[in-house]
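Student: Pasting the sequence and the predicted coordinates here, then a few questions.
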Amino acid sequence: MKAYRLDDFTSVDDLHLHDELPPEPQRGEVLVRIHAVSLNFRDIAMVRNQYPVPHAKGLIPTSDGAGEVLAIGEGVDSFKVGDRVMSTFHPRWYAGRRPINLFQYGYGAAIDGWLVEQKVVSQEALVRVPDSLSYEEAATLPCAAVTAWSALNEGAPVRAGGTVLVQGSGGVSIFALQLAKAVGATVIATTSSAQKAERLRELGADAVVNYREEPQWGDRVRALAQDLGVERIVEVGGPGTLAQSLRAVRPGGEIALIGFVSPEGGHINYLDLFMSGATFRHITVGSRESLMDVAQAIDVAGIKPVIDRVFDFADARAAFAHLDSGAHFGKVVIRCA
Ligand SMILES: NC(=O)c1ccc[n+]([C@@H]2O[C@H](COP(=O)([O-])OP(=O)(O)OC[C@H]3O[C@@H](n4cnc5c(N)ncnc54)[C@H](OP(=O)(O)O)[C@@H]3O)[C@@H](O)[C@H]2O)c1
């Protein structure tokens, strides 16, 4: 069985292919033949040694995979051989409040992840794949779609007529755009190029602002939202975008704090924070229940995950490098079988 391991944190060249013995499922466990894995910014942050959560060398990277059940251990009653399943981002967060020890079970950071041909996991750490999704599509859900779902639906859910700002055209932002449009919200997006702006409009964005041409985009976004500001900001930029988000948000609105794709940023003035009138909510992806909810929403609404490119297993390094380039639109996937 082939498995990739990230043996250091300097570049994608630290990703090495190993031959390993296939695992066997024990009581309560399921053996999955992995068909597809998707990459997240987190995987690149780890390669660059910029992931803000403790992470160990030598582990199998990536958190998001989908495949078929090859075998089940004694006592498994949730799945049978042949079922189509996907990973949950947090294998021990089932529902409700976030457990305090979440990061002890981080795939690719604390325990082996999914960039491998076969993997054994607890039956509790899997969710069934909806019939409408291929393995490649399902593999995009566990982190990006759940995070977008949490940003829009945990706390006060975004409703029809609500206004949402999404930043850039990465995995989380495109799912947030699709899910917000599915409930009838107005979506404003920022992006780096005219070509990506056009594709965001095709996906339903009501207005798009190019943040390279207009680095002080906060007031523009506020004006586009009827001069009131947006109700929900899916904040994936972090240090480099928060100051503009504070200008774009509506008093009483919410900034869902998610990411740090834009790491360079100035000092945030306390009074700007205070006067924005916004609520701030920290997101840590979400639970298995949220994955089940977003998978159902995607299935019922007929949403198709946007996949930029699918790489072969042998080309995993190229897939990481492609995500690292920022040229992608949506998700980058590795086909494992
Ligand atoms: N807290 C959580 O639970 C959680 C969960 C998932 C992800 N995250 C974080 O959320 C962020 C996004 O993750 P992802 O996997 O969706 O990333 P991704 O797919 O790699 O998306 C990266 C995209 O961000 C956009 N971008 C870069 N700089 C930007 C800026 N200044 N303003 C607006 N957009 C910018 C670019 O799109 P354009 O070229 O279109 O601008 C780029 O393609 C990462 O920081 C990740 O670590 C956090």
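Tutor: Structure received.

Student: Which residues are in contact with the residue in the stretch 201-337 of the chain that the ligand sits nearest to?
Tutor: Across the stretch 201-337 of the chain, the shortest distance to the ligand (Cβ to the nearest ligand atom) belongs to residue 259, at 2.3 Å. All C-beta atoms are positioned from the backbone trio N, CA, C, and that covers glycine. Residue 259 sits next to 41, 172, 235, 236, 237, 238 when contact means Cβ atoms under 8 Å, 6 or more residues apart in numbering.

Student: So the second one: helix, strand or coil?
Tutor: Yep, that's residue 172 we're talking about. helix (DSSP: H, G, I helix; E, B strand; the rest coil).

Student: Distance of it relative to the ligand?
Tutor: In this view, residue 172 and the ligand are 4 Å apart by Cβ to the nearest ligand atom, to the nearest Å.

Student: How many residues are close by that residue?
Tutor: 29 (other Cβ atoms under 10 Å).

Student: Touching, it and residue 258? I think so.
Tutor: Yes - in this structure, residue 172 is within contact of residue 258 by Cβ atoms under 8 Å, at 6.3 Å.

Student: Please enumerate the shared neighbours of these two.
Tutor: What both residue 172 and residue 258 touch, as defined by Cβ under 8 Å, 6+ apart, is the set 147, 151, 234, 236.

Student: can I get those in a markdown table with pLDDT?
Tutor: Output for these, formatted as a markdown table (pLDDT from 0 to 100):
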| residue | pLDDT |
| --- | --- |
| 147 | 98 |
| 151 | 98 |
| 234 | 98 |
| 236 | 98 |
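
Student: Intersect these with the contacts of the ligand.
Tutor: 147, 236 (Cβ under 6 Å from any ligand atom).

Student: rewinding a little: out of the contacts of residue 259, which two sit at the greatest distance?
Tutor: 41 and 235 (13.6 Å; Cβ to Cβ).

Student: give me the element the residue of the stretch 201-337 of the chain closest to the ligand is part of.
Tutor: According to DSSP states H and E, residue 259 maps onto no helix or strand at all.

Student: And the residue nearest to residue 86 when sequence neighbours are not counted, what's its pLDDT?
Tutor: Nearest residue to residue 86, sequence neighbours excluded (Cβ to Cβ, 6 or more residues apart in numbering): residue 66, at 4.2 Å. At residue 66, the model reports a pLDDT of 98.

Student: again, but for residue 213
Tutor: 97.

Student: mind listing what whatever residue of the chain ends up closest to the ligand touches?
Tutor: Of the residues in the chain, the one nearest the ligand is residue 170, at a distance of 1.8 Å by Cβ to the nearest ligand atom. Contacts for residue 170 (Cβ under 8 Å, 6+ apart) come out as 41, 144, 236, 261, 328, 330.

Student: mind listing what residue 253 touches?
Tutor: Counting by Cβ under 8 Å, 6+ apart, residue 253 has contacts 229, 230, 231, 232, 233, 277, 278, 279.

Student: most surrounded residue in those residues?
Tutor: Most surrounded of those: other Cβ under 10 Å gives residue 233, at 33 neighbours.

Student: Name the residues linked to that one by a beta bridge.
Tutor: residue 165, residue 255 (DSSP bridges).

Student: Next up, the contacts around it.
Tutor: By Cβ under 8 Å, 6+ apart, residue 233 lies in contact with 164, 165, 167, 245, 248, 249, 253, 254, 255, 256, 278.

Student: which among these are in contact with the ligand?
Tutor: Contacts with the ligand are made by residue 167 out of those, judged by Cβ under 6 Å from any ligand atom.

Student: Most neighbours out of the contacts of residue 233, which is it?
Tutor: Counting by other Cβ under 10 Å, top hit in the contacts of residue 233: residue 165 with 34 neighbours.

Student: I'd say that one and residue 245 touch.
Tutor: Yes - with contact defined as Cβ under 8 Å, residue 165 reaches residue 245; the gap is 7.3 Å.

Student: Near the ligand, which residues of the protein are found?
Tutor: 40-42, 45, 143-144, 147, 167-173, 190-192, 196, 211, 236-237, 240-241, 258-262, 283-285, 323, 326, 328.

Student: residue nearest the centroid of the protein?
Tutor: residue 144 (1.8 Å; Cα atoms, centre = their mean).

Student: Count residues in the vicinity of the nearest residue to that residue once chain neighbours are set aside, would you?
Tutor: Excluding its sequence neighbours, the residue lying closest to residue 144 (Cβ to Cβ, 6+ apart) is residue 171, at 3.4 Å. Per other Cβ under 10 Å, the neighbour tally for residue 171 reads 31.

Student: Please, where are all the helices along the protein?
Tutor: Remark: helices assigned in the chain by DSSP state H are 41-47, 135-138, 146-153, 171-182, 194-202, 218-224, 242-248, 270-275, 288-301, 316-325.

Student: what's the nearest residue to residue 142 once chain neighbours are set aside in contact with, if anything?
Tutor: Of all residues not flanking residue 142 in the chain, residue 64 sits nearest, at 4.2 Å (Cβ to Cβ, 6+ apart). By Cβ under 8 Å, 6+ apart, the contact list for residue 64 reads 37-40, 86-87, 89, 114, 139-144.

Student: Over to residue 75?
Tutor: Residue 75 neighbours (Cβ under 8 Å, 6+ apart): 27, 28.
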